[in-house]
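S.K.: just to be clear, the model below is a prediction. Sequence and coordinates:
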Amino acid sequence: MLNEEICKTRDKLNKCIEDNLDYSIIYKISVELDILIAKFYNEQIKK
């Protein structure tokens, strides 16, 4: 499930970059992606 969220957010970020959207939008999505990746790694460490 977390993997799916990471993939969707990564795709969303890539689309925003391709569409040359405002940097503040790209930054916001990038931070969201970073948080999801950190959650993923935390789950892996707990296993």
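M.R.: That came in fine, so what should we check first?

S.K.: mind checking pLDDT for the residue most central in space within the chain?
M.R.: By Cα atoms, centre = their mean, the chain has its centre lying nearest to Leu33, at 2.0 Å. Leu33 is assigned 98 on the pLDDT scale.

S.K.: give me the element it is part of.
M.R.: Element membership for Leu33 (DSSP states H and E) is helix 23-46.

S.K.: burial check on Ile29, number of neighbours?
M.R.: 19 (other Cβ atoms under 10 Å). (C-beta placed from N, C-alpha, C; glycine too.)

S.K.: nope, Glu18 is what I meant
M.R.: Neighbour number of Glu18 under other Cβ under 10 Å is 8.

S.K.: distance check, it against Phe40.
M.R.: Distance of Glu18 to Phe40, computed by Cβ to Cβ, to the nearest Å: 24 Å.

S.K.: re the thing from before, what's near enough to touch the residue nearest to the centre of the chain?
M.R.: By Cβ atoms under 8 Å, 6 or more residues apart in numbering, Leu33 lies in contact with 6, 9-10, 13.
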